[in-house]
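Visitor: Build the 3D model from these lines:
(one chain, ligands or ions: 2)
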Amino acid sequence: MQPGQPFAISAAVSWPDRQFFHAGCRADVMKLLVEQDCPQCGAPVELTEADYVLCCESCGIRSMVQSNSLPRYVLPVSREVSSTGLLLAPYVRFKGTIYLVTESGIDHRVIDTTQVASSAQGLPASLGVRPQAMRLQRINPASENLFLSQTLKAGAILEKAASVGNLVPQVGQQFFHRAYIGEHLSYIYLPLVIKNSGLYDGVTEEKLCDLADFISGDLSSRRYDDGWKVRFVATLCPQCGAGLEGSGDCQVMLCPNCHSAWGLSTKELIRLDWQMQVGDSATKLFLPFWKISTHIPALNIYSFADFVERSNQPFLPRAQWRGKVMSVWVPAFRLRPKVFLQVGRQVTINQWRCRPVAAKLQPNFFPATLPFSEARQAVKLMLAAAAASPKRIFPMLPYTRLTEMTIQLIYLPFTELGCDWTQPHTGVAIGKNILKYSRTL
Ligand SMILES: [Zn+2]
Ligand SMILES: [Zn+2]
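Guide: Residues are numbered from 1 along each chain as shown. Ligands and ions are numbered 1, 2, ... in the order given. From the prediction side, this is the model:
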């Protein structure tokens with residue numbers, strides 16, 4: 001196998017095409033773009049904020065982007081301004097879905113916001129649409145810039161993002177759970193220029209305020225922190241040394257040689273236990289799901305039968321379900337909030353119809369783009385979504401802790417039916433267009 005060659009996407013697979021499974025990047029124009037050179041050969045690579053794997057078309061090598069902290073970018077300064085010796089103001093960018101569970105149901109909003117994280121005077125409250133319109137650069141330790149201290153923490157900014165989306169409980173409304181899913185969280189720095197007794201935006205060159213007002217505010221600052229460093233690591237299978245395969249936005253990389261699956265994390269590749277539900281000749285596509293098996297003591301749910309009873313499903317538990325540990329199934333790919341909940345709910349309720357087995361990789365596996373860390377945050381949401389009697393489940397969510405958790409990645413087969421992808425065992429149907437655009441969320 002040549003490096004960079006997508007595994008097993010052979011000519012035999014006529015539809016969906018290679019682009020659909022592996023590239024998916026052309027639809028990413030709505031995303032924030034980051035300037036990046038290939039760490040192996042130096043060729044420029046187009047990277048988006050959703051990309052954790054850099055796929056270089058010049059040398060074919062895939063590199064993982066790793067860092068101990070959130071990604072940090074700087075807006076490009078205007079041509080007239082030097083890019084060194086600047087003062088940089090921090091902004092927190094959040095893009096994702098906020099879900100709120102209240103007594104009236106599950107509400108959700110897609111949020112895309114960039115809020116100021118410094119209390120210095122004169123700074124714009126938000127960067128507006130600028131980050132989407134510009135190519136960002138990673139912050140560079142060599143540029144000797146000073147960073148204004150971050151006085152607002154990411155948690156407070158998320159709270160603010162929720163209130164921008166009107167997702168805070170209303171007065172007198174009981175609120176049971178809030179989750180942030182499918183998120184991109186990063187810092188974006190706005191370069192500031194001081195001249196003619198004024199503070200100027202280093203991008204637009206607009207005056208922000210008088211220097212006297214600015215220096216009367218909180219101006220504590222710091223130099224580049226080594227903990228912000230980004231490393232690029234070639235993606236080789238830790239088990240057999242073969243090059244792993246996966247698209248830029250994938251969260252799971254697959255080994256075409258030993259058929260193992262590896263989850264990306266900030267520090268290392270984590271071996272995943274994966275299985276698939278066997279398909280038939282009509283199977284065109286396999287979609288990945290996180291199967292999170294767990295005990296939920298607060299709800300007295302240990303087995304699937306317990307879940308059926310406690311959540312008041314309109315069918316009786318079978319005797320063998322008493323011995324089947326409860327699992328919550330969460331799509332391992334990004335979907336619009338409503339569809340995300342519907343699909344997870346339907347697979348969770350119909351899990352008894354699936355019998356996944358150990359297998360070899362198939363050519364038509366759809367990439368897993370939702371990391372396990374986020375799927376875990378979705379467990380309570382899926383429980384809420386799957387409850388036939390919300391009154392029994394919702395009020396217990398704040399007390400719900402998950403114990404004895406184990407995780408598997410399961411690929412389920414889908415067939416084509418008109419405008420939908422349908423899953424024969426669970427009855428899940430996902431619009432083809434919805435799946436096509438899932439890579440852009
Ligand atoms: Zn390269
Ligand atoms: Zn391998």
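Visitor: what helices or strands is the helix or strand in which Phe232 is found leaning on?
Guide: Phe232 belongs to strand 230-234 when assigned by DSSP states H and E. If you count contacts as 3 or more Cβ pairs under 8 Å, 6 or more residues apart in numbering; DSSP states H and E, strand 230-234 packs onto strand 62-67. C-beta: built from backbone N, CA, C; applies to glycine.
Visitor: Point out the residues in this protein that sit beside ligand 1.
Guide: Residues of the chain lying close to ligand 1 by Cβ under 5 Å from the ion are Cys38, Gln40, Cys41, Ala43, Cys56, Ser58, Cys59.
Visitor: State the number of residues packed around the first one.
Guide: What it means is Cys38. Residues lying near Cys38 (other Cβ atoms under 10 Å) number 20.
Visitor: How much space separates it from Cys55?
Guide: Cys38 sits 9 Å away from Cys55, going by Cβ to Cβ, to the nearest Å.
Visitor: What strands flank the lengthiest strand in the chain, and is each parallel or antiparallel?
Guide: Using DSSP state E to define each element, the chain has its longest strand at strand 175-195. Using DSSP bridges, the strands paired with strand 175-195 in its sheet are strand 72-74 (parallel), strand 87-102 (antiparallel), strand 198-201 (antiparallel).
Visitor: Give me the mean pLDDT for that strand.
Guide: For strand 175-195, mean pLDDT is 87.
Visitor: Now for Cys38 and Cys55: what residues contact both?
Guide: Val45 (Cβ atoms under 8 Å, 6 or more residues apart in numbering).
Visitor: Wait, Leu190 touches Val92, no?
Guide: No. In this structure Leu190 lies outside contact range of Val92 using Cβ atoms under 8 Å: 11.9 Å.
Visitor: Neighbour count: the two, which is higher?
Guide: The neighbour comparison of Leu190 against Val92 (other Cβ under 10 Å) goes to Leu190, with 27 against 24.
Visitor: Contact residues of this structure facing ligand 2?
Guide: Cys237, Gln239, Cys240, Ala242, Cys255, Asn257, Cys258.
Visitor: and which of these is nearest Thr403?
Guide: Nearest to Thr403, judged by Cβ to Cβ, of the residues of the chain next to ligand 2 is Gln239 at 29.8 Å.
Visitor: sorry, back to before: which of the strands paired with strand 175-195 is buried the deepest?
Guide: Between the strands paired with strand 175-195, strand 87-102 has the highest mean count of neighbours, a mean of 23, where neighbours are mean count of other Cβ atoms under 10 Å.
Visitor: So for it, mean pLDDT?
Guide: The predicted model gives strand 87-102 an average pLDDT of 89.
Visitor: Dump that strand to CSV, restricted to CA.
Guide: Presented in CSV, the C-alpha positions along strand 87-102 are these (Å, rounded to 0.1, in the frame of the first residue of the first chain):
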residue,chain,number,x,y,z
LEU,A,87,-0.3,42.8,21.7
LEU,A,88,-2.8,40.0,21.2
ALA,A,89,-6.3,40.0,22.7
PRO,A,90,-7.9,36.6,23.4
TYR,A,91,-11.3,35.5,22.1
VAL,A,92,-13.0,32.2,22.7
ARG,A,93,-14.7,30.6,19.7
PHE,A,94,-17.4,28.1,20.2
LYS,A,95,-19.2,26.3,17.5
GLY,A,96,-21.5,23.5,18.3
THR,A,97,-24.9,22.5,19.6
ILE,A,98,-26.2,23.3,23.0
TYR,A,99,-29.0,21.1,24.3
LEU,A,100,-31.2,22.0,27.3
VAL,A,101,-33.5,19.5,29.0
THR,A,102,-36.3,21.1,30.9
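Visitor: Cool, thanks, signing off.
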